[in-house]
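Colleague: Curious how this folds, go ahead:
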Amino acid sequence: MSWTASTDNVGVAGYRIQRCQGASCSSFAQIGTSTTTTYTDAGLTPSTGYSYRVQATDAAGNLSGFSNIFSGTTPPDSTPPTTPTGLTATVVSSSQINLSWTPSTDNVGVTGYLIQRCQGASCISFAQIGSSTITNYTDMGLLPATSYSYRIQATDAAGNLSGFSTTVSGTTLSSGVITPPVITSPSSGTTILTGQSLTVSASISAGAFPYGVVLIAPDPLGATDIQIVGAGTTVSFDLPIPVSTPPGPYLLTVVGMNSAGSLVPSTQLAIQVERADQPVALTPYPSAITMTAVGDSRSLLVIGAFPGNAQIDITNSSKLAVASANSSIASVQNGTITAVASGMTSITLQYGSITTVIPITVP
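Modeller: Predicted coordinates:
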């Protein structure tokens, strides 16, 4: 808006602009000021009438009378919202697919989204099935093992429609039949130390259509949370092995579950838990010893995944004398074996649950 400048005996300092809604309104309120003879009123509602009046002020705060009232009507909104992007379809069950997308923008404001659907991955006969004022939509009551395609468009208060989003498709799960998950890692017999975490992965075949997958582990290992997955995917679980877990074998099972609650287990996976403070193997060098005569001595080296200050228990018959020459080191132990009598014998090295026997021959 614009007007002719006022005059003042000292000088005009500015103008106060008042507005009310409607051509015959009287409830004016100040909406802004201007030091020039123009003012721009933005952010108005389309197709709406507004009335304005102006008064001048000087540095002393003296106010002029009000100007004549000017009224005008904003033009209708003809700008459509932007096209929605990022549309995804997530299969939830044999009768439900969830949609989500990135919001559109509009010069005035997006009021909602129209959702269209047709049956089949390559279908073109779309029809509106619902609307949403947020950026997601739940489509329920669908047929099992059936493909559906979706597209959406945004709308504003003036009824302007955006372009259609890209089309996405999803196939509902079959109604109750699921194929057992297949554990892909680790391999059976894997050894894990206490205090570590074991990653268990399982594959879901393309025709399995499970609803959820859960890893079942015996106490004290416990079980992990259910994971919701789709067909043709791989699911992984992190299974912590508590420090207090007793050494020994444990059986793990990955169980698939459909939307009806039916369960089907995988083949069980055997793992071996060992204490973190014991080696997973004792490797003696040499692995067999032949003495030349009574009184002969041989050095023995034992290599393993030892912690610091580990001790190896050595058991032998009266034909041998075994002396530990050094205190334990992190990875190697050595000692001296001396023959005190003739005959076949052996020594047994034991650390925790790990045992190794070395045959000894004394002529």
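
Colleague: and Y250, what does it touch?
Modeller: A217, P218, L221, A270, I271, Q272, V273 (C-beta atoms under 8 Å, 6 or more residues apart in numbering). Where you see a C-beta, it was placed from the backbone N, CA and C, and this is true even at glycine.

Colleague: Mind picking the lowest-pLDDT entry from those?
Modeller: Note: of the contacts of Y250, the lowest pLDDT belongs to L221, at 73.

Colleague: from memory P242 sits against T194, does it?
Modeller: Yes: here P242 reaches T194: they are 6.8 Å apart, a contact under C-beta atoms under 8 Å.

Colleague: So these two - more neighbours on which side?
Modeller: T194 (18 against 11; other C-beta atoms under 10 Å).

Colleague: so what's the more buried one up against?
Modeller: I241, P242, V243, S244, T245, P247, V273, E274, R275, A276.

Colleague: how close does the third one sit to R298?
Modeller: Separation of V243 from R298 (C-beta to C-beta, to the nearest Å): 38 Å.

Colleague: Just want to know which of these two has more residues nearby.
Modeller: Relative neighbour count places R298 above the other of V243 and R298, with 16 against 12, counting by other C-beta under 10 Å.

Colleague: Based on its surroundings, how many neighbours for N68?
Modeller: 8.

Colleague: For the residue lying closest to it once chain neighbours are set aside, list each beta-bridge partner.
Modeller: Of all residues not flanking N68 in the chain, R53 sits nearest, at 7.3 Å (C-beta to C-beta, 6 or more residues apart in numbering). Assessed by DSSP bridges, R53 has beta-bridge partners Q18.

Colleague: Verify the contact between R53 and S64 for me.
Modeller: No: judged on C-beta under 8 Å, R53 makes no contact with S64 at a distance of 11.1 Å.

Colleague: which parts of the host helix or strand of T253 are buried?
Modeller: If you go by DSSP states H and E, T253 is part of strand 248-257. Across strand 248-257, burial judged by 16 or more other C-beta atoms under 10 Å covers Y250, L252, T253, V254, V255, G256, M257.

Colleague: Could you do stretch 22-36 as well?
Modeller: S34.

Colleague: again, but for stretch 193-200
Modeller: L193, T194, L198, V200.

Colleague: Ramachandran angles for the second one?
Modeller: Which is T194. Dihedral angles of T194 (phi, psi; degrees, to the nearest 10) stand at phi -60, psi 150.

Colleague: Show me which helix or strand of this structure is least confident by mean pLDDT.
Modeller: strand 313-316 (a mean of 56; mean pLDDT, DSSP states H and E).

Colleague: pLDDT score assigned to N68?
Modeller: 94.
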